[in-house]
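Chemist: got a predicted model here, sequence first, then my questions.
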Amino acid sequence: MSWDAHTSEGIAYLERPGNGPVLVLLHGIGSNAASFTPLLAHLPATARVIAWNAPGYGGSEPLTQVWPQAQDYAAALEGFLDRVKVPQCALLGHSLGALIAASFVACRANRVTHLTLAAPAIGHGVAPGEVLSAKAQARIDDLERLGAVDFAKARAPRLVYRPEDNPETLALVQTAMSQVSMPGYGQAARMLASGRLLDDADRLWVPTDVIVGGKDQVTPPEGARRVHHRLHAKARGTYTELPGLGHALYQQDPARFAAALRQGAAAVV
């Protein structure tokens, strides 16, 4: 089965229909909904799978705030799920998507049966309006200076472990990253700068798993372990570190990533 493409009031998304549990997928800062395509074949055929293009990505309208915070994306997600008639789902956020997912669940626990934080971005903790963190500013500067295609060529290899040995994965990552644009990417970079995932982790009461690539250079395992340990005992699910995978773990080895999902959330996916 493959995706169906839709748009709902300014949010573009991909959906694989199913009559089983609903799994909603949130991509990272340099990606889009289509990045989850390699994973689709490894998910149960009965699951209804939805991957959104975050505001400002892949045909989705950007947010109105110049410097949005994670809760602004979470509010957009709530409206989107209402419109596509998903009262409750399993939620998976990758990288920047983990910041959005955690913010959503922290205030809307009744909407989510299970949360997965994959290669979670912790955020830089900068107050909105202050000087951007150096890493966030560099993202914006590099995109504006290089343009999206060369920006992707320069940055994509860091997301793949041993990119020289994994050209197909590198091509997937680079293709998605070459489609980022302003103002959406700049908004996301500012949200990353002000993100505080560890604070939201303290407020999660939904069963939550953490998955990270053992060779992730972007969001290293040390950060993922900190997130896992900050979870309340009642919310703390499995922590899985996948050896030999980098930041783009669900693209580099979707079968192994899906197996980690099943280990932590068999009743969901």
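Modeler: Okay, I see it. Numbers count the residues shown, from 1 in each chain.
Chemist: when you work out contacts or count neighbours from here on, use the C-alpha atoms and nothing else.
Modeler: Fine.
Chemist: where does the closest residue to residue 96 other than its chain neighbours fall, helix, sheet strand or coil?
Modeler: Leaving aside its sequence neighbours, residue 96 sits nearest to residue 28 (C-alpha to C-alpha, 6 or more residues apart in numbering; 4.6 Å). The local conformation at residue 28, judged by DSSP: H, G, I helix; E, B strand; the rest coil, is coil.
Chemist: for residue 28, what are phi and psi?
Modeler: As for residue 28, its main-chain torsions (degrees, to the nearest 10) stand at phi -90, psi -170.
Chemist: with residue 240 instead?
Modeler: Dihedral pair for residue 240: phi -130, psi 120, per degrees, to the nearest 10.
Chemist: tell me the pLDDT of it.
Modeler: Reading off the confidence values, residue 240 has pLDDT 97.
Chemist: how close does the closest residue to it other than its chain neighbours sit to residue 251?
Modeler: Computed as C-alpha to C-alpha, 6+ apart, the closest residue to residue 240 that is not its neighbour in sequence is residue 211, at 4.7 Å. As for residue 211, its distance to residue 251 is 14 Å (criterion: C-alpha to C-alpha, to the nearest Å).
Chemist: for residue 191, same thing?
Modeler: Where residue 251 is concerned, residue 191 sits at a distance of 24 Å (C-alpha to C-alpha).
Chemist: so residue 177 makes contact with residue 154?
Modeler: No. Counting by C-alpha atoms under 8 Å, residue 177 stays clear of residue 154, with 10.3 Å between them.
Chemist: quick one, strands of the protein?
Modeler: Applying DSSP state E to the chain gives strands spanning 4-8, 11-16, 22-26, 48-52, 89-94, 112-118, 208-213, 236-242.
Chemist: stretch 202-218: which residues count as buried?
Modeler: Counting neighbours by 16 or more other C-alpha atoms under 10 Å, one finds that the buried residues in stretch 202-218 are 202-216, 218.
Chemist: that older thread, gap between the residue nearest to residue 96 and residue 19?
Modeler: Distance from residue 28 to residue 19, by C-alpha to C-alpha: 27 Å.
Chemist: for residue 161, same thing?
Modeler: 36 Å.
Chemist: and these two? which has more neighbours close in?
Modeler: Higher neighbour count among residue 161 and residue 19: residue 161, with 23 against 9, using other C-alpha atoms under 10 Å.
Chemist: now the more buried one. Nearest residue, chain neighbours left out?
Modeler: Residue 161's closest residue in space is residue 246 (C-alpha to C-alpha, 6+ apart), at 4.6 Å.
Chemist: just the helices from the stretch 1-150 of the chain, written as ranges.
Modeler: For the stretch 1-150 of the chain, helices defined by DSSP state H, counting those that start in this stretch occupy the ranges 37-40, 70-83, 96-107, 134-146, 148-155.
Chemist: in CSV: these, plus mean pLDDT.
Modeler: Output for the helices of the stretch 1-150 of the chain, formatted as CSV (pLDDT from 0 to 100):
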stretch, mean pLDDT
helix 37-40, 97
helix 70-83, 98
helix 96-107, 98
helix 134-146, 96
helix 148-155, 98
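Chemist: and the nearest residue to residue 125 once chain neighbours are set aside, how far from residue 129?
Modeler: Leaving aside its sequence neighbours, residue 125 sits nearest to residue 194 (C-alpha to C-alpha, 6+ apart; 4.6 Å). Distance from residue 194 to residue 129, counting by C-alpha to C-alpha: 9 Å.
Chemist: quick one: which of the two has more around it?
Modeler: Between residue 194 and residue 129, residue 194 has the larger neighbour count (other C-alpha under 10 Å), namely 25 against 10.
Chemist: brilliant, that's me finished.
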